[in-house]
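> For reference, the sequence and a predicted model appear below.
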Amino acid sequence: MSKIRTHKKRLIEEMLKRNDVTCATVTHIANANQYFCALEKEGIVKSQWGMLGDSKVKFRFICSDKVELVKKRYGIEIVHKKSNYHSTTKKQLFEA
């Protein structure tokens, strides 16, 4: 998998987990803006200006009608697992 595709995939996974993302919140990808712009040109991502603290930032998010397409195209499977903490007692957790 190419580096560009890998970075795009990471950004998409991040957006699926947290609804909207900014370049400031994605610190593990250098110059993430170039990948966001490429995703916008593909029609996958939309953007909207907003405020984060005192700073004006551009929030990026995946279009709701494109979520399934994105998952198939980039091979992403996001599964939200339930925590086992509530189904076990504290005693069971410490004995394990």
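That came through fine.
> what about residue 27, how many neighbours?
Using other Cβ atoms under 10 Å, residue 27 has 8 neighbouring residues. Just so you know, the C-beta spots here come from the backbone N, C-alpha and C atoms, and that holds for glycine as well.
> same deal with residue 70?
Using other Cβ under 10 Å, residue 70 has 21 neighbouring residues.
> Just the buried positions in stretch 44-64, please.
44-45, 47, 57-60, 62 (16 or more other Cβ atoms under 10 Å).
> Which two among those residues are spaced furthest apart?
For these, the farthest-apart pair by Cβ to Cβ is 44 and 57; their separation is 19.5 Å.
> rewinding a little: restricted to helices, list the buried residues of stretch 44-64.
Under the assignment DSSP state H, the buried residues of stretch 44-64 contribute nothing to helices.
> Now do the helices in the protein.
In chain order, the chain shows helices spanning 3-17, 32-41, 67-74, 90-95, with DSSP H as the criterion.
> Give me the mean pLDDT for the last one.
Per-residue pLDDT over helix 90-95 has a mean of 41.
> contacts for stretch 28-36?
Contacting residues not belonging to stretch 28-36 are listed as 4, 7-8, 10-11, 23, 26, 45, 47, 60 [Cβ atoms under 8 Å, 6 or more residues apart in numbering].
> From those, list just the buried residues.
Among the contacts of stretch 28-36, those scoring as buried are 7-8, 10-11, 23, 26, 45, 47, 60 (criterion: 16+ other Cβ under 10 Å).
> wait, which of the residues you listed is closest to residue 53?
residue 23 (14.4 Å).
> OK, contacts around the closest one?
Contacts were defined as Cβ under 8 Å, 6+ apart; by that measure residue 23 touches 32-33, 36, 57-58.
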